[in-house]
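Q: Below are the sequence and a predicted model; questions follow.
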Amino acid sequence: MSEPAPYPLLLVPILKEKVWGGRRLTEFGKDLPAGLLIGESWEVADLASTAPGGGGGDPARSLIADGEMGGRTLHDAMEAWAGHMMGTSLPTPAGNFPLLVKWLDAAQHLSVQVHPTAEYVVAHPEANLKTESWVVLDADSGAHLYLGLQPGVTGAEVARGARDATLPEMLRTFPAIPGEAHHLPSGTIHALGAGVLVAEVQTPSDTTFRLYDWAVEYGRAGRELHLEPALECLDFGDPPLPVKAPPSAPDFPLVATDHYWIRQLRPGVAALEGSHPGTGQVVMVTKGPVELGASDGSFAAVELSKGDTVVVPAACAGVLEIDGPEGSEALLVGG
């Protein structure tokens, strides 16, 4: 039996209960289980396994919601469409989709944490490199982000601060401004502040080393900390400055790394015609509706709402059209 021709894949979100989570992902079209605090909606995932303290230890593979591939996994599409799926983009060495993409709702502060660096992974092959970026979608008045250390802070001071609850005083803070993108290279100490919603794009790893979990501030049982590996990964340099697209820009680069890029699209300003042909990519709708179509009619047009996320195979990218009314916005992500 032959496989269907490639088409943009609407995926089923994987919802994650978190002690710091809230209920605001309903604003992004998520059907949240009653009574649970949901901190993350994994929009694009193709992980053979997850960290026990992150994804729960089980595999996390997105299910396809629509079309002839409906009910199968993103990994099935990777295998079925092979080069037509990724094009010149590279899958992981295991043949998995090379990005993990999420919506995050922080009702409380996330733990102060770092992620494995390339150098750490060489010495610890069981770990996975993790670099990530946030695009702020909404924020309460006065909400902020913790990114990087104050100048001159030493590893010994970080270790002491993690134990005596003074670590937050050593962190740099940035106001959480909707539309701003923050890149967090692996090794950057960070925490998402309370009252912030973000889109998160990262390499396909959920390995986290916690240094501080706000147990005193929130009166909750602190989760396991990982001080020794965190200090081994810690980068003492300044984090990259935030980037925000000008209001009139229809297509603006927010983040560019060795692992992925993120662009801000405003199809209400100007429709996008043709999108990085030859590469697999992801469309995240931050303000809907947005319509995806094909200039050559090779796949049926689909209307997306705020919070929808679609994987666009490389075979479709060159003919992809993204349109929408005034005020519509989306993030375009590729590797």
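A: Alright, I've got the coordinates. Numbering: from 1, shown residues only.

Q: show me the residues around residue 324 that make contact.
A: 267-268, 271, 288-291, 330 (CB atoms under 8 Å, 6 or more residues apart in numbering). (Each C-beta comes from the backbone N, C-alpha and C, glycine too.)

Q: Indicate each strand paired with the lowest-mean-pLDDT helix or strand in the chain and its parallel or antiparallel sense.
A: The helix or strand of the chain with the poorest confidence is strand 272-273; it has a mean of 76 (mean pLDDT, DSSP states H and E). Strand pairing for strand 272-273, determined by DSSP bridges: strand 320-323 (antiparallel).

Q: The strand it pairs with: what's the following helix or strand?
A: strand 329-334 (DSSP states H and E).

Q: From residue 148, how far out is the residue lying closest to residue 150 once chain neighbours are set aside?
A: Distances taken as CB to CB, 6 or more residues apart in numbering place residue 170 nearest to residue 150, at 5.5 Å, with adjacent residues excluded. For residue 170, the distance to residue 148 (CB to CB, to the nearest Å) stands at 10 Å.

Q: Isn't the residue nearest to residue 150 up against residue 156?
A: No - shown here, residue 170 and residue 156 do not form a contact pair, counting by CB atoms under 8 Å, at 11.5 Å.

Q: So these two - more neighbours on which side?
A: residue 170 (21 against 9; other CB atoms under 10 Å).

Q: can you give me the helices for the stretch 51-200 of the chain?
A: Using DSSP state H, counting those that start in this stretch, the helices assigned to the stretch 51-200 of the chain run over residues 74-81, 83-86, 118-123, 155-164.

Q: JSON lines please, covering these and showing mean pLDDT.
A: JSON lines is the format used below for these (pLDDT from 0 to 100):
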{"stretch": "helix 74-81", "mean pLDDT": "96"}
{"stretch": "helix 83-86", "mean pLDDT": "91"}
{"stretch": "helix 118-123", "mean pLDDT": "93"}
{"stretch": "helix 155-164", "mean pLDDT": "96"}
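
Q: Export those as TSV, with columns for distance to residue 322.
A: What follows is the helices of the stretch 51-200 of the chain, written out as TSV (distance: least, CB to CB, whole Å):
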stretch	distance to residue 322
helix 74-81	20
helix 83-86	19
helix 118-123	34
helix 155-164	43
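
Q: Now flag whichever of the contacts of residue 324 is closest to residue 32.
A: Nearest to residue 32 among those: residue 288, at 18.6 Å, using CB to CB.

Q: Next, the distance between the ends of stretch 311-321.
A: With CA to CA, to the nearest Å as the measure, stretch 311-321 spans 14 Å from end to end.

Q: May I see the buried residues of it?
A: 311-321 (16 or more other CB atoms under 10 Å).

Q: what is the mean pLDDT for it?
A: Stretch 311-321 carries an average pLDDT of 90.

Q: same thing with stretch 194-204?
A: In the prediction, stretch 194-204 has an average pLDDT of 97.

Q: Pull the number of nearby residues for the spatially closest residue to residue 95 that is not a sequence neighbour.
A: In space, and not counting its chain neighbours, residue 95 is closest to residue 78: 6.3 Å by CB to CB, 6+ apart. The number of residues packed near residue 78 is 22, by other CB under 10 Å.

Q: Make 16 the starting number, not 1.
A: Yep, numbering from 16; the last one is residue 93 now.

Q: Quick check: the gap between residue 93 and residue 207.
A: 30 Å.

Q: Ok, residue 188 next?
A: Distance of residue 188 to residue 207, computed by CB to CB: 12 Å.

Q: circling back to that earlier point, for the residue nearest to residue 165, give me its contacts.
A: Neighbour list for residue 185: 164-165, 168, 172-173, 176 [criterion: CB under 8 Å, 6+ apart].

Q: What's the PyMOL line that selects buried ones from those?
A: Per 16+ other CB under 10 Å, the buried members of the contacts of residue 185 correspond to this PyMOL selection:
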select buried, resi 164+168+173+176
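
Q: Roughly how far does the spatially closest residue to residue 131 that is not a sequence neighbour sit from residue 296?
A: Leaving aside its chain neighbours, residue 131 sits nearest to residue 142 (4.3 Å; criterion: CB to CB, 6+ apart). Relative to residue 296, residue 142 is positioned 27 Å away (CB to CB).
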